[in-house]
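1. need a 3D model of the following:
(2 chains)
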Number of protein chains: 2
Amino acid sequence: MNALPDLDQLDTYKADKSRLGRELERLVGDFPKPEGTFPPPYGVVGVGEGWWPAELLRSRFPDTLARGTTFVLAGGYGLGRLAGLLEAAREESERVVVLGFGPEAEVLVPSSPLAPYRYLRYVLEATGEGALGAEVDEALAAEAERLTPYVPSPENPAKLLAWGLIERIPLWVASDRYPMLAQALQQVFARIAKSLSIAPPPAALEFFITALEARHEQGDPLVAVVLGEDEETRLAKEVLATRVDYLEELEPPKTKGPLPEALAYWYRLAWTGYYLALLYRKDPGDHEVLARLREAAS
Amino acid sequence: MNALPDLDQLDTYKADKSRLGRELERLVGDFPKPEGTFPPPYGVVGVGEGWWPAELLRSRFPDTLARGTTFVLAGGYGLGRLAGLLEAAREESERVVVLGFGPEAEVLVPSSPLAPYRYLRYVLEATGEGALGAEVDEALAAEAERLTPYVPSPENPAKLLAWGLIERIPLWVASDRYPMLAQALQQVFARIAKSLSIAPPPAALEFFITALEARHEQGDPLVAVVLGEDEETRLAKEVLATRVDYLEELEPPKTKGPLPEALAYWYRLAWTGYYLALLYRKDPGDHEVLARLREAAS
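-> Next up, the predicted model:
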């Protein structure tokens, strides 16, 4: 029917030069382990790649700096901000733990589109929230079983969704239950699929109903990708049904609780981005693409 | 050269059925005035249209709920969330002031794309920050002078920018100095110009460098609109220069301080959206468009 690569042929995976597929498959459990828990109370602050895990942990640890231990998720490029942050943390906290890939990091988390999982899991273990961490891992392991390359296209939700997103622009419609999931998907989709997507601003309903009104766009069709079910996503679906080219409701992950659910959705979309990159014959990794940024920002 | 409306002809303004132009011209000073200041300390929480002013006030009032007075900027549609919020505020605070357009609102702020200014100005007055409020007003008044319809296209930055955005998709590149300005622009641009735009996720540089890599889009060209100057926007310009169709750096507003600057940029883009709506022969107001949402959400 067309000349796109076949996701069920091993040959297709040669485009994965940086072996992101292997990183995706082995993600569960692949994080630096703290030797024990740190002194409470806890604060978490995120920079660069660390922004989403910090946001996810906000419901548990509302403060950015805390008297006990402050975790600084420093997954970014220099740019000065980090130095001030570290100084403030060291003044406030008994213990400051810096995670990331810069020279300040005592716990190494290499730059990767998948790094948010690693930051999150380390902090959960280090704060005595290992049980919640295990739930996250279970949720991801359940996803992985259906999403790996060995599961053929007709049964593989990530492969199927990737086909649906070719030359389309996803509009993320995420329940408020998942803090900043839409932005996290925008980021992981960019870094893996090398493609644009749209996260709505807060007060998303007003945005959905007005932003597509002039509809002068003649380009790639929009796909509304719906994550989670509540009154707001229900209304969004109603509004968007006649305004986008198609609407894809994702099956809920097999887990309970906002945090494991959010991570499971994110992981599923990371796999989807992976397959989409292969369909575009792009390397799903981004080390090469980001090398230029690292040089410019150093 | 083409059949687009002429922004320097009065006739063109007939499309402004809901008279948003008048609201834009009269915005400075047009907000509900509190009778005095309320008991400190202060907390601010925003729902719906109120999300951005609450975010802007976060640097002054870090708490959402406070012992003294909690301002609830309730510019949203029911959907349940407000009730819980009000209950929590009433438990925590000596005084709770609800602003907005729902039945709970004691201070009326009607639904409008320009409402963020009104929420912000009321809270500044009610918390003894009138001097800062006056700076915001001065900044907006200075903008208004150059942006009204009476200033012809060649000298009017909003008209010029509107011409540059026709059938293009803006990608907002805002300095971190302005909290969530990109999302606020995404919102005001949707509600007035009825058009899509893209706000990057946090860690925007990684997004800019990767999201346009597959570049399969065949549609509306992207315009990077740059607001504010710092190391990050400088790097973003470098990255985007070869990746977008054109790059528009906005002239800094004639004011000092993040808050007046952010409001001035927002107001300039509201005017830009206004002219763009007229170029598309769309009503720049959104009462009619939002009526359906109000019905669905009530």
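2. how about the helices in chain A?
-> Taking DSSP state H as the criterion, chain A contains helices spanning A:20-25, A:51-57, A:81-92, A:115-126, A:130-147, A:157-165, A:181-193, A:204-211, A:231-241, A:258-279, A:287-297.
3. neighbours of A:E238, how many?
-> Applying other Cβ atoms under 10 Å in any protein chain shown, we find 15 residues neighbouring A:E238. Placement of C-beta: from N, CA and C, glycine included.
4. in CSV: the helices of chain A, plus distance to B:L99.
-> Below are those laid out as CSV (distance: least, Cβ to Cβ, whole Å):
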stretch, distance to B:L99
helix A:20-25, 47
helix A:51-57, 27
helix A:81-92, 33
helix A:115-126, 36
helix A:130-147, 37
helix A:157-165, 41
helix A:181-193, 27
helix A:204-211, 17
helix A:231-241, 21
helix A:258-279, 29
helix A:287-297, 42
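5. weakest of those helices by average pLDDT?
-> Of all the helices of chain A, helix A:287-297 carries the lowest average pLDDT, namely a mean of 76.
6. what angle do that one and helix B:231-241 make?
-> Angle of helix A:287-297 versus helix B:231-241, following axes from the mean of the first three to the mean of the last three Cα atoms, to 10 degrees, is 130 degrees.
7. what's next to helix A:287-297, contact-wise?
-> Helix A:287-297 is contacted from outside by A:18, A:77-79, A:111, A:194, B:205-206, B:209-210, B:213, B:235, B:238-239, using Cβ atoms under 8 Å, 6 or more residues apart in numbering or on different chains.
8. chain neighbours aside, what residue packs nearest to A:A264?
-> A:P253 (3.4 Å; Cβ to Cβ, 6 or more residues apart in numbering or on different chains).
9. now swap in A:Y119 and tell me
-> In this structure, A:Y119 finds its nearest non-sequential neighbour in A:P53, 3.9 Å apart by Cβ to Cβ, 6+ apart.
10. how about A:Q183?
-> Once flanking residues are discounted, A:Q183 sits nearest to B:P201: 3.8 Å by Cβ to Cβ, 6+ apart.
11. what about the one you found, neighbour count?
-> Using other Cβ under 10 Å, B:P201 has 23 other residues around it.
12. now A:D245
-> Using other Cβ under 10 Å, A:D245 is surrounded by 11 other residues.
13. what's near enough to touch it?
-> By Cβ under 8 Å, 6+ apart, the residues touching A:D245 are A:168, A:221-223.
14. name the nearest of those relative to B:E35.
-> If you rank the contacts of A:D245 by distance to B:E35 using Cβ to Cβ, A:L222 comes first, at 47.4 Å.
15. can you pull the contacts of A:A264?
-> A:139-140, A:142-143, A:253-255.
16. could you dump those residues to a markdown table with neighbour count?
-> Shown next, in a markdown table, are these (neighbours: other Cβ atoms under 10 Å in any protein chain shown):
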| residue | neighbour count |
| --- | --- |
| A:A139 | 24 |
| A:L140 | 24 |
| A:A142 | 17 |
| A:E143 | 25 |
| A:P253 | 21 |
| A:K254 | 13 |
| A:T255 | 18 |
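17. would you mind listing what in the stretch 51-200 of chain A touches chain B?
-> A:51-52, A:75-77, A:79-81, A:167, A:169, A:176, A:180, A:183-184, A:186-187, A:189-191, A:193-200 (Cβ under 8 Å from any Cβ of the partner chain).
18. just the buried residues from those residues, in ChimeraX please.
-> To isolate the buried members of these in ChimeraX, using 16 or more other Cβ atoms under 10 Å in any protein chain shown:
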select /A:51,52,75,76,77,79,81,169,176,180,183,184,186,187,189,190,191,193,194,195,196,197,198,199,200
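19. which of the contacts of A:D245 fall in strands?
-> Among the contacts of A:D245, DSSP state E puts A:222-223 in strands.
20. list buried residues within the contacts of A:D245.
-> By neighbour count, with 16+ other Cβ under 10 Å, these hold A:168, A:222-223 as buried.
21. follow-up on the earlier one: so the residue nearest to A:Q183 sits right up against A:Q186, yeah?
-> Yes - using Cβ atoms under 8 Å, B:P201 makes contact with A:Q186 at a distance of 4.7 Å.
22. find residues that contact each of the two.
-> In contact with both B:P201 and A:Q186: A:199, B:207, using Cβ under 8 Å, 6+ apart.
23. ok so, going back, Serialize the buried ones among the contacts of A:D245 to CSV and add fields for pLDDT.
-> Below are those laid out as CSV (pLDDT from 0 to 100):
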residue, pLDDT
A:R168, 90
A:L222, 92
A:V223, 95
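24. return the member of these nearest to B:L27.
-> A:L222 (32.0 Å).
25. any idea how far A:E232 is from the closest one?
-> A:L222 sits 19 Å away from A:E232, going by Cβ to Cβ, to the nearest Å.
26. for A:T70, same thing?
-> 33 Å.
27. higher neighbour count, these two?
-> When A:T70 and A:E232 are compared for neighbours, A:T70 comes out ahead with 28 against 22, by other Cβ under 10 Å.
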